[in-house]
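Asks: no sequence on this one, just coordinates:
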């Protein structure tokens, strides 16, 4: 008979004691935060902005609750789906041979509790992280949707997309990317424990690892990568360059279109990964799913480098002229300079033009004095009479190329 290691159940009184202890610890650690919220509520209320404080607090906790619940249910639902598909009854009721001694372990019960605690912690961290960015979601939700706005000539997107929609989508795709990575980690963990169970059960010769669950998680990861790359294309509008900011010639003709091809290659890789669901799963099929996107991305980097260094730089001003003009035009619209009227002003660059009456920099009294325009035969600078420039008084110095002697120096030198 195999030896059985039983999982001892705690008495209900002991479990109730631990639950009460957790509630007390939670109340102690949350007391400071509660007092801070209470003081802020009193301060905002004294200023007549109590509704603003309550609205802000409600949006913060709504963001936390939504992200916490979504993270927990997605990951725990994925865990339950994997547990059912991998038939963990092998672990809960099967035999394990440790040192040629049969042992029965209640692994399923232990694993479920550990995963539950870990997922609660991960969901709490995700909720706090998203809660700190509640303003981004609030601006996206309450952003005005007006028609007739100026659109950028590259993507055809309006201004509110870059100010309100794009930051929110960046946060959401970042959260989805984290979920995808965690889903892959959970699926790989099931592969390890399932394969280990087969080894411990004495089935080393016919060890077959189930890759179907991991294939689904990997396909989801590739789709999220495609979304991230697609959204990153819009960040080229904010890139800083040597001459100007925004989309360049290389971006418009190579990078943006190439990144779109990489997105489609990642989607194709996701479809290849899902093939493992209908045919015998193979690891090489997962590796092949990444090859098109990786090859396209490397080719994009090489072509972009070649275009930037051998096509654009030799004639950069001409190549970038349309994008510089677009940048100037949108900047003028942003600051309202397109509504300013323009008129020509004839500018003169001669010295006599500086004494013209229409400039009105110096007073007539100072301008008529001879001391302000004195010249010396010395190559050194010599102080002369002060010239009054409204509202600052400065000293004018002149210089010549004649040899210098001590007569040129100020008194006392």
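Replies: It's in. Everything quoted here is computed from the prediction, not taken from an experiment.
Asks: for residue 290, grab the count of nearby residues.
Replies: Counted with other CB atoms under 10 Å, residues neighbouring residue 290 total 17. (Each C-beta comes from the backbone N, C-alpha and C, glycine too.)
Asks: what number of residues lie near the nearest residue to it once chain neighbours are set aside?
Replies: Nearest non-adjacent residue to residue 290, counting by CB to CB, 6 or more residues apart in numbering: residue 269, 5.8 Å away. Residue 269 sits with 25 neighbouring residues when counted by other CB under 10 Å.
Asks: make sure residue 269 is actually in contact with residue 220.
Replies: No. Using CB atoms under 8 Å as the test, residue 269 is too far from residue 220 to be in contact (11.6 Å).
Asks: state whether the residue nearest to residue 290 is indeed within a helix.
Replies: Yes. The assignment for residue 269 (DSSP: H, G, I helix; E, B strand; the rest coil) places it in a helix.
Asks: from residue 309, how far off is it?
Replies: 31 Å (CB to CB, to the nearest Å).
Asks: before we move on, which element is the closest residue to residue 67 other than its chain neighbours in?
Replies: With sequence-adjacent residues excluded and distances taken as CB to CB, 6+ apart, residue 67 is closest to residue 130, at 3.9 Å. Here residue 130, judged by DSSP states H and E, is contained in helix 107-131.
Asks: now that helix: average pLDDT?
Replies: When pLDDT is averaged over helix 107-131, the result is 87.
Asks: any idea of the angle the following helix or strand past it forms with helix 107-131?
Replies: Reading on from helix 107-131 to the C-terminus, the next helix or strand found by DSSP H and E is helix 134-141. For helix 134-141 against helix 107-131, the angle by axes from the mean of the first three to the mean of the last three CA atoms, to 10 degrees is 70 degrees.
Asks: going forward can the numbers begin at 7, since that is how I track them
Replies: New numbering, starting at 7: the last item is helix 140-147.
Asks: helices and strands around helix 140-147, which ones?
Replies: helix 56-91, helix 172-206 (3 or more CB pairs under 8 Å, 6 or more residues apart in numbering; DSSP states H and E).
Asks: can I get those in a markdown table with distance to residue 348 and mean pLDDT?
Replies: A markdown table is the format used below for those (distance: least, CB to CB, whole Å; pLDDT from 0 to 100):
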| stretch | distance to residue 348 | mean pLDDT |
| --- | --- | --- |
| helix 56-91 | 43 | 92 |
| helix 172-206 | 33 | 84 |
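Asks: for residue 332, which of those is the nearest?
Replies: Closest to residue 332 of the helices and strands packed on helix 140-147 is helix 172-206 (CB to CB; 18.8 Å).
Asks: buried stuff in the closest one?
Replies: 172-179, 181-182, 184-186, 188-190, 192-193, 196-197, 200-201, 203-204, 206 (16 or more other CB atoms under 10 Å).
Asks: after that helix, which helix or strand is next?
Replies: helix 218-238.
Asks: quick one: list the elements packing against that next one.
Replies: Using 3+ CB pairs under 8 Å, 6+ apart: helix 218-238 touches helix 56-91, helix 172-206, helix 262-280, helix 289-313.
Asks: let me have these in a markdown table, adding distance to residue 319 as columns.
Replies: Converted to a markdown table, those look like this (distance: least, CB to CB, whole Å):
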| stretch | distance to residue 319 |
| --- | --- |
| helix 56-91 | 46 |
| helix 172-206 | 30 |
| helix 262-280 | 19 |
| helix 289-313 | 10 |
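Asks: please report how far the most centrally placed residue in the chain lies from residue 243.
Replies: Closest to where the C-alpha atoms of the chain average out (CA atoms, centre = their mean) is residue 176, at 6.1 Å. Distance of residue 176 to residue 243, computed by CB to CB: 13 Å.
Asks: I'd guessed residue 294 sits against residue 278; true?
Replies: Yes. Here residue 294 reaches residue 278: they are 6.4 Å apart, a contact under CB under 8 Å.
Asks: so for the helix or strand harbouring residue 48, what gets flagged as buried?
Replies: According to DSSP H and E, residue 48 maps onto helix 18-52. Judged by neighbour count (16+ other CB under 10 Å), helix 18-52 contains these buried residues: residue 50.
Asks: do the same with stretch 334-344
Replies: For stretch 334-344, burial by neighbour count (16+ other CB under 10 Å) applies to residue 336.
Asks: what does it contact?
Replies: 156, 158 (CB atoms under 8 Å, 6 or more residues apart in numbering).
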